[in-house]
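> Got a predicted structure here, sequence first:
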Amino acid sequence: MAKVVILGAGVMGTALSVPLTDNGHRVHLVGTHLDGDIIAKLQAGYPHPRLGIRVAESVTPCTHEQLSEAIEGADLVVLGVNSHGINWAAQALSPVLSPEIPILAVTKGLAGDGEKLYILPDALRAGLPAEYSQNVQIAAIGGPSIAQELAARRQTCVVFTGTNLALLKQLAELLRRPYYHVWTSTDIIGVEVCVALKNVYALAVGLVIGLLEKEGKAENGADMHNLAAAVFAQGMLETAYLVEQMGGKPQSIYSLPGAGDLYVTCQGGRNSHMGRLLGLGLPYSAAKTQYMPQDTIEGASLALAIGPTIEKMVKRGDLDGAALPLLLSMIAIVCHDQSVNIPWNEFFR
């Protein structure tokens, strides 16, 4: 039996407590500074307000002020914050983390500094003190995993990725269940690039919802699945280009982290909701402020996080803009409030 600390009491962090406790492990679910209401409800015995389940008796909900106490004797830290929380998590863990405790991150995204792109495990490591960052083992989870389905013990398939294969196998055994299937991969760059980019390309597929609503169904009842499929395919092509440019492997693109995760993210959720608003013709800033002010839209967050770096890299010739027409269009829509303009003639080159 292991002691696991999950930092972040959102839907995915909390959902991961289900296979862990089903395997007999003890879990301390530590909320971030934004999770106070969630932790209070869990401590009072109520269901998770967004996930709709009661946590197991072997889960101890804690506030972020209790992190130092919760992490004592821990065998694993699961990082369940969103992409905006990486710097906060690094700051919170720095005073209390022992380098012997591995980190398993579910956070998906990329970072850019104007010169190059970074996967989030590297951004997390850079935020830790040098004595920890050089020695701590950081792994990550990629693949199609909707938190509500995992919490309901629906069949879920994911990839654990990192540079230490022996550690990945140990982590997989901690969490594997008959409903939670885990594969391992040392292609951490390929996996992380895929699971990050899927958000912005799912946002692009979501544009079709608004375009259809704006135009209306055809006289014969036809929808716009052809359009959505073409956008999906171009997103896969551009993902392959960026994975290659950053040093990842093609296997990740056409398996769970790439095709699988993009497919499931296109099925609905906040990316689709925002995509609809953009497809209807609203500028991103207006759509966010008026309709989704409290929501984290991961596709838009990614565009904002890496957009300036992508544009600079294209201008310098470090990236081929002709290989990224859809990504550049989404950056223009989100970062510069431009209207939707799908660059058909630049696709599939």
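Alright, I've got the coordinates.

> list the contacts for R125?
S133, V136, I138 (C-beta atoms under 8 Å, 6 or more residues apart in numbering). Placement of C-beta: from N, CA and C, glycine included.

> you'd agree it is in a helix?
Yes - R125: assigned to a helix according to DSSP: H, G, I helix; E, B strand; the rest coil.

> Which element, helix or strand, includes the nearest residue to L110 once chain neighbours are set aside?
Distance criterion C-beta to C-beta, 6 or more residues apart in numbering; nearest residue to L110, sequence neighbours excluded, is A196 at 4.5 Å. Taking DSSP states H and E as the definition, A196 sits inside helix 188-215.

> Mind checking what helix or strand follows that helix in sequence?
helix 225-246.

> what mean pLDDT would you report for the next helix or strand after that following helix?
Scanning forward in sequence from helix 225-246 by DSSP H and E, the next helix or strand is helix 250-253. The average pLDDT for helix 250-253 rounds to 95.

> list the buried ones in helix 250-253?
Across helix 250-253, burial judged by 16 or more other C-beta atoms under 10 Å covers S252, I253.

> can you list the domains in the chain?
Under the assignment automatic domain parsing, the domains of the chain span 3-186, 189-346.

> Now which of the contacts of R125 would you call buried?
Using 16+ other C-beta under 10 Å as the burial test, the contacts of R125 include S133, V136, I138 as buried.

> L93 versus the last one, what's the distance?
For I138, the distance to L93 under the criterion C-beta to C-beta, to the nearest Å works out to 11 Å.

> so who does the residue nearest in space to the middle of the chain touch?
Residue closest to the mean C-alpha point of the chain, counted by C-alpha atoms, centre = their mean, is K108 at 2.8 Å. Counting by C-beta under 8 Å, 6+ apart, K108 makes contact with S83, L120, G142, E192, V195, A196, K198, N199, E298.

> I6 too?
I6 makes contact with G13, T14, L16, S17, V27, H28, L29, V30, V77, V78, G80, according to C-beta under 8 Å, 6+ apart.

> thinking again about what came up before, can you point out the buried residues in the helix holding A196?
188-212.

> How about stretch 109-126?
109-112, 117-125.

> among those residues, which are in strands?
Taking DSSP state E as the definition of strands, these contribute L110, A111, G112, L117, Y118, I119.

> Now the two most distant members of these.
Maximum pairwise distance among those (C-beta to C-beta): 11.1 Å, between G112 and I119.

> Output the lowest mean pLDDT helix or strand found in the protein.
helix 130-133 (a mean of 83; mean pLDDT, DSSP states H and E).

> so the very next helix or strand once past that one versus helix 188-215, what angle?
Proceeding N to C from helix 130-133, the next assigned helix or strand is strand 138-142, under DSSP H and E. With axes from the mean of the first three to the mean of the last three C-alpha atoms, to 10 degrees as the basis, strand 138-142 and helix 188-215 are set at 30 degrees to each other.

> phi, psi of V59?
For V59, the backbone dihedrals (degrees, to the nearest 10) come out as phi -100, psi 130.

> Neighbours of it, how many?
21 (other C-beta atoms under 10 Å).

> How many residues are close by C335?
18.

> So for the nearest residue to it once chain neighbours are set aside, what's the pLDDT?
Nearest residue to C335 in three dimensions, chain neighbours excluded: G307, at 4.3 Å (C-beta to C-beta, 6+ apart). At G307, the pLDDT value in this model is 98.
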